[in-house]
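**Q** A predicted structure for the sequence below; I have some questions about it.
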Amino acid sequence: MKQRQNIVFFFSDQQRADTLGCNGQPLPVSPRLDQFACGDAVNFANAFTPQPVCGPARAMLQTGLYPTQTGCYRNAVSLPPGQKTLAKYLREAGYRVAYVGKWHLASDEDENHYETVPVPAERRGGYDDYWMAADVLEFTSHGYGGYIFDKDGNKLEFTGYRTDCLTDYAVRYIEEYEDEKPFFLMVSHIEPHHQNDRADYEGPDGSREQFAGFVPPPDLEPGKGDWERFYPDYLGCCHALDRNFGRVVDALKERGIYDDTMVIYGSDHGCHFRTHADEVAEGGYDDYKRNSFEGTIHVPLLIKGAEFEKGKREEKVVSLLDLPKTILSAAGFDTELLELQGRPLQEACNPDWEEAVYIQISESFVGRALRTNRYKYVVHAPDRDPWKESGSPVYKEKYLFDLVNDPLEKVNLVDDGAYEEIKNALKERLVSFGEEAGEAFIVEC
């Protein structure tokens, strides 16, 4: 095995890529992350999620498999207790594993209800060394105040701003870590996700005033959705994440281990602020993320590590599903021997890197999409129940966008005969991606 690094993964929820200054945000929302991106990390400027729903995206990150391969294709489907996970791989390699924050992989719709009680050890995905978490964090807390549980099931209450309080546990872990073994620490925040029970975005006090002069992303149309009301607090949540990311970096530096630690910043999916309600199929639901549009699937991704060039902006298209192999490669594994999806991002600089991300869509409609460096091709199964069915043997074409000439996805080219050859090539790759994910389907015009 190669020399092993400590690994810290700082993870946000429902954060658009364009909330970071290094990705075009004009307001001072992310000074620490921008400093990190420009000085120490690679900024993967074209990173996309393969599943824009909270639970499935987390199942994917913990297993290195597409959500349909684990059965976790929508929320309220728990990760199978016997599933091999990132933590279990890392423990086998001699790592200590720690988890802080939102888990969202233990509860089911009809059984295994751990939304507001401790998650039992067998449903924590192998995070047995340090656990400060709640399965559905928004059920146990709000922007200010709430509780989580430790690994012994003790209830730990907090009164301050949630992002600050959760980061306290992560910083304490770094400060008190004394084992000679390397560690993996995942810090999983819920911000800037909306607070469902209050139908609000709960930024720190003063957010609405601090970010009132925001510049709207061009895909958010005036008068459509709820972004005009909520975007200042949304940015306030992102600013709080930035500040707390800085606290983690500072703790690593104070311990003298920052240079020996891989640090990752990413998010599960973006947010469209209810601007695509017309996408929802019968029986489906979508409020902020469950579709294929750029604001939904484009996520921030910054990585510092031994094999990553400092201060580089990488424009190649990459997938969030590349992260498990990336992490395991940093831990010394030969990832070619692992039966996981994705590719180690240490190899993204190679000239033969394929710029294509396969996306599974659930809950709003049953769909599949292919996002390349220029095109997006989307198919759907309108006769399928998006809550009860994970896929379909037959899909119909829905969208084709030329993202170079139409970055806001306003002109659907799916029926344009001039793009037939391009569309057929994308269709062929989409079907082959499905086969790699254990799916078999055809696409009808």
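**A** On my side now, so go ahead. Residues are numbered from 1 along each chain as shown.
**Q** separation between residue 76 and residue 146?
**A** Distance, residue 76 to residue 146, using CB to CB, to the nearest Å: 21 Å. Just so you know, the C-beta spots here come from the backbone N, C-alpha and C atoms, and that holds for glycine as well.
**Q** centre-most residue in the protein?
**A** Centroid-nearest residue in the chain, with CA atoms, centre = their mean: residue 268, separated by 1.5 Å.
**Q** who's in contact with it?
**A** By CB atoms under 8 Å, 6 or more residues apart in numbering, the residues touching residue 268 are 11-14, 49, 52, 54, 57-58, 61, 299, 320.
**Q** wait, which of the residues you listed is closest to residue 263?
**A** Residue 263 lies nearest to residue 11 out of those, by CB to CB, at 11.8 Å.
**Q** looking at this, that closest one is in a strand?
**A** Yes: assessed with DSSP: H, G, I helix; E, B strand; the rest coil, residue 11 lies in a strand.
**Q** does it touch residue 189 like I think?
**A** Yes: in this structure, residue 11 is within contact of residue 189 by CB atoms under 8 Å, at 6.6 Å.
**Q** just to revisit the earlier point, and for the residue nearest to the centre of the chain, nearest residue in space, chain neighbours not counted?
**A** Closest residue to residue 268 apart from its sequence neighbours, by CB to CB, 6 or more residues apart in numbering: residue 57 at 3.8 Å.
**Q** could you pull up the mean pLDDT of the strand or helix carrying the one you found?
**A** Assigned by DSSP states H and E, residue 57 falls within helix 54-63. In this model, helix 54-63 carries a mean pLDDT of 98.
**Q** who does it touch, helix- and strand-wise?
**A** Where contact means 3 or more CB pairs under 8 Å, 6 or more residues apart in numbering; DSSP states H and E, helix 54-63 is packed against helix 67-70, helix 86-92, helix 323-330.
**Q** 7 Å instead?
**A** With contacts taken as 3 or more CB pairs under 7 Å, 6 or more residues apart in numbering; DSSP states H and E, helix 54-63 sits against helix 67-70.
**Q** packing partners for the helix it packs on?
**A** helix 54-63.
**Q** just the CA atoms of the helix it packs on, as PDB, please.
**A** Output of helix 54-63 as PDB, limited to C-alpha atoms (Å, rounded to 0.1, in the frame of the first residue of the first chain):
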ATOM      1  CA  CYS A  54     -30.200  13.500   0.100                       C
ATOM      2  CA  GLY A  55     -30.400   9.800   1.200                       C
ATOM      3  CA  PRO A  56     -29.500   8.200  -2.200                       C
ATOM      4  CA  ALA A  57     -26.500  10.600  -2.600                       C
ATOM      5  CA  ARG A  58     -25.300   9.600   0.900                       C
ATOM      6  CA  ALA A  59     -25.700   5.900   0.200                       C
ATOM      7  CA  MET A  60     -23.700   6.400  -2.900                       C
ATOM      8  CA  LEU A  61     -20.800   8.100  -1.100                       C
ATOM      9  CA  GLN A  62     -20.700   5.500   1.700                       C
ATOM     10  CA  THR A  63     -20.700   2.500  -0.700                       C
END
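**Q** got the contact list for it?
**A** 13, 49-51, 66-67, 70, 72-75, 77, 79, 83-86, 104-105, 125, 268-269, 320-321, 323-324, 362 (CB atoms under 7 Å, 6 or more residues apart in numbering).
**Q** what of stretch 35-43?
**A** Stretch 35-43 is contacted from outside by 22, 249, 302-304, 308-314, using CB under 7 Å, 6+ apart.
**Q** keep only those of those that are in strands.
**A** Those of these mapping onto strands are 302-304, 312-314, per DSSP state E.
**Q** just send those residues back as CSV, with neighbour count too.
**A** Formatted as CSV, the ones in strands among the contacts of stretch 35-43 follow (neighbours: other CB atoms under 10 Å):
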residue, neighbour count
302, 26
303, 30
304, 24
312, 15
313, 15
314, 20
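**Q** returning to what we had before: neighbour count added to the contacts of residue 268, as JSON lines?
**A** Below are the contacts of residue 268 laid out as JSON lines (neighbours: other CB under 10 Å):
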{"residue": "11", "neighbour count": "23"}
{"residue": "12", "neighbour count": "26"}
{"residue": "13", "neighbour count": "26"}
{"residue": "14", "neighbour count": "23"}
{"residue": "49", "neighbour count": "28"}
{"residue": "52", "neighbour count": "33"}
{"residue": "54", "neighbour count": "22"}
{"residue": "57", "neighbour count": "25"}
{"residue": "58", "neighbour count": "24"}
{"residue": "61", "neighbour count": "25"}
{"residue": "299", "neighbour count": "24"}
{"residue": "320", "neighbour count": "24"}
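**Q** could you dump the residues you listed into a markdown table with distance to residue 195 added?
**A** Formatted as a markdown table, the contacts of residue 268 follow (distance: CB to CB, whole Å):
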| residue | distance to residue 195 |
| --- | --- |
| 11 | 18 |
| 12 | 15 |
| 13 | 11 |
| 14 | 11 |
| 49 | 21 |
| 52 | 19 |
| 54 | 14 |
| 57 | 19 |
| 58 | 19 |
| 61 | 23 |
| 299 | 21 |
| 320 | 24 |
